[in-house]
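Novice: task: produce atomic coordinates for the following.
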Amino acid sequence: MTIGFSDLTSKKRVPDRVARKSAKPIYSLMSFGDGYESRVSLGTNSLEETYVLSFTNRPIEEIDSIAQFLDERSSIKNFQLTLPDNTVTLDGEKDITVYVKDYSRTYFNTEIASITVTLYREYNEADDAAGLTLVSAPYSVNEGSTLTVNVTSIGVEPQNLYWQLTDTTVFDVPILAGIFALSGTTESGTGQFDITPAADSTTEGPEVFTLSITSGGFGNLELASTTVTVQDTSRGPEFIRITDGNGIDLSLTYVQEPSTTFIYVESESSDYDVLYWTISGPSPATHFEETFGSFSMIGNVFSREGTITLNVKEIEGNTSDITYTLFIHKDSTTGPVQDNITVVITPNTYYLLVDSPGGTSANAYYFAQNKTYTVYFDTGFVNPGIYYWTIEDAATSVDFSATQGTFSTTGNTTLASGQFDLTTEVQLLAEPKNFTLRIKTGGYGGTVVDTAPITVSTSETGIYVPFNTEETIESGVYANGAIGIARYTPIPLVEEAIISVESGVTTNSKLSVVRYGVEFGAPEDEHNLESGVSSQADLLVIRYSPAYINQEDSLNISSGVNSSSRSLNLIRY
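Specialist: Residues are numbered from 1 along each chain as shown. Predicted coordinates for the structure are as follows:
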């Protein structure tokens with residue numbers, strides 16, 4: 001162990017064998033009269049340390065070099081002083097930061113001289129600040145093993161200290177707290193205690209606990225803290241299994257050609273970070289891009305997850321289901337089988353919004369405000385399961401009472417059906433609002449399997465979009481009102497596609513044409529207009545159709561239809 005410092009030439013200057021250290025407590029004194037006083041330590045490091053080093057009868061060149069170094073440092077530049085230390089460091093030395101205020105030099109002759117210097121210690125982040133140090137922290141220990149915690153201190157008086165583990169129970173560590181002695185001196189103290197985790201048989205993975213050291217009792221002034229990681233050495237039975245991605249065992253899945261599907265594998269208490277898969281069945285290379293392979297298991301020995309990607313080809317003209325078996329292997333594609341799943345390829349898999357269970361496709365929805373509607377959904381050749389619905393661009397409690405939700409299908413793999421309700425809110429709309437309904441698998445951000453537009457109307461009688469008053473239908477239609485034409489549809493259509501306007505309607509006539517999709521009934525005798533139909537009241541024509549039908553095929557009024565004093569209204573549902 002060498003005491004000293006390096007001069008300007010980086011040469012280590014070692015003082016005489018006798019070096020003197022002085023330490024003086026720094027505190028504030030408060031007097032209260034009658035002899036009562038109170039002392040309070042000042043600052044983080046409450047000791048003022050000084051070191052007196054002598055270099056006696058040295059060659060004049062060495063003394064000159066030391067003096068030049070001290071002059072250059074003066075009292076404003078710090079430097080490192082090496083001291084002996086056996087408490088923390090392994091090499092028996094430590095460096096502290098010091099500065100010089102004064103020194104004295106003695107001249108004997110032109111060849112020999114001496115110098116004595118007084119150095120003052122300055123604490124900074126690079127030094128050993130006053131306080132407690134947990135040696136080699138943070139810690140890691142195996143179940144059933146003993147961890148010995150060594151503690152060193154600077155500026156802490158010898159005393160009994162308290163240690164405690166939190167974030168754990170006696171089932172993990174039987175003894176969670178204890179007392180140990182910090183011995184030595186205020187300038188340098190040491191202590192130690194043991195922690196022994198329980199050797200349980202539960203496979204739970206690594207567990208991290210908090211260790212704290214306090215003074216004056218448990219939960220009092222904290223002097224130091226760190227973490228203790230208990231490594232789980234117990235091992236339960238090994239499981240390698242195929243799941244639905246949510247931890248539930250899976251034995252059958254349907255996939256449609258062509259498509260990409262994912263097979264999820266989970267393991268417990270397994271050392272395997274790579275597993276293998278193979279496909280068995282009638283000519284698998286005909287239907288799969290790859291028929292064997294390997295995949296990674298991500299995690300640790302206690303819990304791992306992996307994914308197999310199956311790319312299914314399209315086979316022209318195939319109309320029947322084809323069944324295969326997928327195997328999970330250890331070691332290689334010919335290694336021990338751990339689990340398997342039946343994979344059924346079908347060209348008939350479908351997801352479909354319908355107007356009723358097992359009914360026809362629902363291409364679009366037309367809703368009025370402040371109403372509740374039931375939406376139906378069918379699947380074919382898919383296991384019954386949970387689905388997610390969302391309404392894009394809609395606000396909850398503004399447009400709809402809810403803009404997302406879940407529902408389940410019931411039935412069998414050939415046909416399963418489900419349903420859910422949508423409730424519109426009242427906004428006093430000035431014009432229609434259009435939204436998109438999406439059905440998804442795997443979550444609200446999952447794969448979209450079907451979609452349909454939704455239009456919310458301003459009222460139950462449709463959405464009115466006025467046309468130019470100059471437009472007419474066939475000749476011979478007369479009324480005393482103005483012409484008005486309107487439609488209800490989530491998809492904009494050109495005006496010419498909605499109604500054909502002919503000459504012969506006077507400028508003071510009124511014609512209203514409305515199309516909407518709410519399911520209202522219509523009087524049978526109002527489905528047709530023939531020549532010579534007349535009325536003193538409004539003429540109302542209503543037609544209901546849930547699907548899009550050419551307006552040119554439906555809004556046709558023969559000549560001679562007239563209403564002498566009322567408006568003519570054509571309404572199509």
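Novice: quick check: phi and psi at the most centrally placed residue in the chain.
Specialist: Against the mean C-alpha coordinate of the chain, by Cα atoms, centre = their mean, the closest residue is G445 at 12.9 Å. Dihedral pair for G445: phi -100, psi 20, per degrees, to the nearest 10.
Novice: and if you look at D64?
Specialist: Taking degrees, to the nearest 10 as the convention, D64 sits at phi -60, psi -40.
Novice: burial count for it?
Specialist: When neighbours are counted by other Cβ atoms under 10 Å, D64 registers 14. Backbone N, C-alpha and C define where each C-beta goes, glycine included.
Novice: check which strands are paired with the longest strand anywhere in the chain and give the direction for each one.
Specialist: In the chain, ranked by residue count with DSSP state E as the criterion, the top strand is strand 93-107. Paired with strand 93-107 in the same sheet, following DSSP bridges, are strand 79-84 (antiparallel), strand 112-121 (antiparallel).
Novice: can you tell me what sits against the first one?
Specialist: Translated: strand 79-84. Outside strand 79-84, the residues within contact range by Cβ atoms under 8 Å, 6 or more residues apart in numbering are 1-6, 51, 73, 92-99, 119.
Novice: quick one: buried ones out of the residues you listed?
Specialist: Buried members of these, scored by 16 or more other Cβ atoms under 10 Å, are 3-5, 51, 73, 94-99, 119.
Novice: so which of those residues is the closest to F171?
Specialist: K94 (41.8 Å; Cβ to Cβ).
Novice: quickly list what the closest one is bridged to.
Specialist: Following DSSP bridges, K94 is listed with bridge partners L83.
Novice: quick one on the thing from earlier: with respect to L352, which of the strands paired with strand 93-107 lies nearest?
Specialist: Evaluated over these, closeness to L352 peaks at strand 79-84, with 79.1 Å, by Cβ to Cβ.
Novice: how about that closest one: buried residues?
Specialist: Residues 79, 81-83 are the ones in strand 79-84 that count as buried (16+ other Cβ under 10 Å).
Novice: give me the mean pLDDT for it.
Specialist: On average, the pLDDT along strand 79-84 is 84.
Novice: L353 contacts Y376, correct?
Specialist: Yes. Using Cβ atoms under 8 Å, L353 makes contact with Y376 at a distance of 7.2 Å.
Novice: who has more neighbours out of these two?
Specialist: Neighbour totals were compared for L353 and Y376, and L353 leads with 21 against 17 (other Cβ under 10 Å).
Novice: so what does that one have for phi and psi?
Specialist: The phi/psi pair for L353 (degrees, to the nearest 10) reads phi -80, psi 130.
Novice: how near is it to P432?
Specialist: 20 Å (Cβ to Cβ, to the nearest Å).
Novice: go on, T56?
Specialist: According to Cβ to Cβ, T56 stands 103 Å off from P432.
Novice: do D331 as well
Specialist: Plainly put, D331 is 63 Å away from P432 if you go by Cβ to Cβ.
Novice: swap in P138?
Specialist: P138 is 63 Å from P432, by Cβ to Cβ.
Novice: the two - which one has more neighbours?
Specialist: The residue with more neighbours, out of P138 and P432, is P432; 18 against 12, by other Cβ under 10 Å.
Novice: quick one: pLDDT of that one?
Specialist: 85.
Novice: repeat that for N562.
Specialist: Reported pLDDT for N562: 39.
Novice: low-scoring stretches of this protein, by residue?
Specialist: 1, 26-46, 75-76, 85-92, 124-130, 316-319, 348, 458-573 (pLDDT under 70).
Novice: could you chop it up by domain?
Specialist: Segmentation of the chain into domains, based on automatic domain parsing, reads 5-121, 131-231, 248-341, 350-456, 462-573.
Novice: can you show me the helices along this structure?
Specialist: Assigned helices in the chain, in chain order: 60-73, 284-287, 551-554 (criterion: DSSP state H).
Novice: now do the buried residues in the first one.
Specialist: Read that as helix 60-73. The neighbour-count check on helix 60-73 (16+ other Cβ under 10 Å) flags 63, 65-67, 69-70, 73 as buried.
Novice: quick one: which of those is nearest S270?
Specialist: Nearest to S270 among these is R73, at 62.8 Å by Cβ to Cβ.
Novice: list the contacts for that closest one?
Specialist: By Cβ under 8 Å, 6+ apart, the residues touching R73 are 79, 99-100.
Novice: tell me how far it lies from L81.
Specialist: Using Cβ to Cβ, one obtains 11 Å as the distance from R73 to L81.
Novice: if we can go back for a sec, between L353 and Y376, which contacts overlap?
Specialist: In contact with both L353 and Y376: A362, using Cβ under 8 Å, 6+ apart.
Novice: so V448 is in contact with I439, correct?
Specialist: Yes. If you go by Cβ under 8 Å, V448 and I439 touch, sitting 7.1 Å apart.
Novice: for V18, which non-adjacent residue is spatially closest?
Specialist: S54 (7.3 Å; Cβ to Cβ, 6 or more residues apart in numbering).
Novice: how about T390?
Specialist: Q404 (4.5 Å).
Novice: so that neighbour touches Y387, yeah?
Specialist: No. Using Cβ under 8 Å, Q404 is not in contact with Y387, being 11.5 Å away.
Novice: between the two, which one's more packed in?
Specialist: Y387 (22 against 15).
Novice: hmm, G405 and the more buried one touching each other?
Specialist: No. Y387 is not in contact with G405 according to Cβ under 8 Å; the separation is 9.7 Å.
Novice: that older thread, so which of V448 and I439 has more stuff around it?
Specialist: Neighbour count, other Cβ under 10 Å: between V448 and I439, I439 has more, with 24 against 14.
Novice: who's in contact with S6?
Specialist: 12-13, 79-80.
Novice: cutoff 7 Å now
Specialist: S6 makes contacts with K12, as judged by Cβ atoms under 7 Å, 6 or more residues apart in numbering.
Novice: tell me how far stretch 205-221 is from the chain's mean position?
Specialist: Distance of stretch 205-221 from the chain centroid (Cα atoms, centre = their mean, to the nearest Å) equals 30 Å.
Novice: can you check stretch 67-86 too?
Specialist: 53 Å.
Novice: again with stretch 272-288
Specialist: The answer for stretch 272-288 is 33 Å, by Cα atoms, centre = their mean.
Novice: can you give me the strands for the stretch 351-500 of the chain?
Specialist: Using DSSP state E, counting those that start in this stretch, the strands of the stretch 351-500 of the chain run over residues 365-367, 372-380, 386-392, 404-408, 410-411, 416-423, 433-441, 447-456.
Novice: would you turn the ones you listed into CSV with distance to T243?
Specialist: Converted to CSV, the strands of the stretch 351-500 of the chain look like this (distance: least, Cβ to Cβ, whole Å):
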stretch, distance to T243
strand 365-367, 36
strand 372-380, 21
strand 386-392, 15
strand 404-408, 19
strand 410-411, 22
strand 416-423, 21
strand 433-441, 16
strand 447-456, 18
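Novice: which of those strands is buried the deepest?
Specialist: A comparison of these by mean neighbour count, using mean count of other Cβ atoms under 10 Å, puts strand 365-367 on top with a mean of 22.
Novice: residues contacting the residue lying closest to P282 once chain neighbours are set aside?
Specialist: Nearest residue to P282, sequence neighbours excluded (Cβ to Cβ, 6+ apart): I322, at 6.5 Å. Counting by Cβ under 7 Å, 6+ apart, I322 makes contact with 282, 287, 345.
Novice: so which of the residues you listed would you say is closest to S303?
Specialist: Among the contacts of I322, I345 lies closest to S303 (Cβ to Cβ), at 31.5 Å.
Novice: the closest one and S259 touch, don't they?
Specialist: No. At 9.1 Å, I345 and S259 do not qualify as touching, with contact defined as Cβ atoms under 7 Å.
Novice: the more surrounded of these two?
Specialist: Between I345 and S259, I345 has the larger neighbour count (other Cβ under 10 Å), namely 27 against 13.
Novice: re the thing from before, nearest to P237, of the domains of the chain?
Specialist: P237 lies closest, by Cβ to Cβ, to one member of those: domain 248-341, at 6.4 Å.
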